[in-house]
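Take a look and give me a structure for this.
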Amino acid sequence: MLRFLLAITLGAVAGEAAAGCNKELLNVEGWSAKSAAEFRVKVSIDLRSTAPKPIRIIEALVYFRDALDGEIGSLPVERDAHIPVGGSYTRVMKSAPAHFDRLLKLRKQDVQTHVCVFAVLYEDGTKEIF
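As a prediction, the model looks like this:
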């Protein structure tokens, strides 16, 4: 019974977190993963902005899931990333967490990605919080 209640609680919290973000301001155009050192993975993520204005500061995470909707993990977008309108941005994590080694084993078509933007400060000083 305790496990059941815990599962329901975690599901509710996860749903709230997903509802508090914008999944359309940034899109993953591509990603790559390479073995960096023992138990380390270097992950590179190419993002494209669909924001109406240039971005000066951003709070966002890139999520990776497998084809059966199992969580691989998430990586932050660099907070001080300057991203022009329609522009691209590449984030390189030289030492992604150890569980990202799954990206070395999985086929690219078996990995789903999305970006969750929680807040953004545009170049003109306006803010959006989702």
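
use CA for all of it now, contacts and neighbours both
Fine.

Report the separation between Val28 and Ser74.
Using CA to CA, to the nearest Å, Val28 is found at 13 Å from Ser74.

With Pro97 instead?
Pro97 sits 9 Å away from Ser74, going by CA to CA.

ok, these two, which is more surrounded?
Applying other CA atoms under 10 Å to Pro97 and Ser74 shows that Ser74 carries more neighbours, namely 19 against 16.

beta partners of that one?
Ser74 has these beta-bridge partners by DSSP bridges: Tyr63.

From Ala60, how far off is it?
For Ser74, the distance to Ala60 (CA to CA) stands at 10 Å.

ok, now Gly125?
Counting by CA to CA, the gap from Gly125 to Ala60 is 18 Å.

now do Leu68
For Leu68, the distance to Ala60 (CA to CA) stands at 24 Å.

And the next helix or strand past the least confident helix or strand in the chain by mean pLDDT?
Least confident helix or strand of the chain, by mean pLDDT, DSSP states H and E, is helix 2-19 with a mean of 40. Using DSSP states H and E, the next helix or strand after helix 2-19 towards the C-terminus is strand 26-37.

Please name the bridge partners of the residue nearest to Lys127 when sequence neighbours are not counted.
Computed as CA to CA, 6 or more residues apart in numbering, the closest residue to Lys127 that is not its neighbour in sequence is Leu121, at 4.5 Å. Applying DSSP bridges to Leu121 gives these bridge partners: Ile57, Lys127.

swap in Gln112?
Counting by DSSP bridges, Gln112 forms beta bridges with Arg65.

Would you confirm that it contacts Ala67?
Yes. Counting by CA atoms under 8 Å, Ala67 is a contact partner of Gln112 at 6.7 Å.
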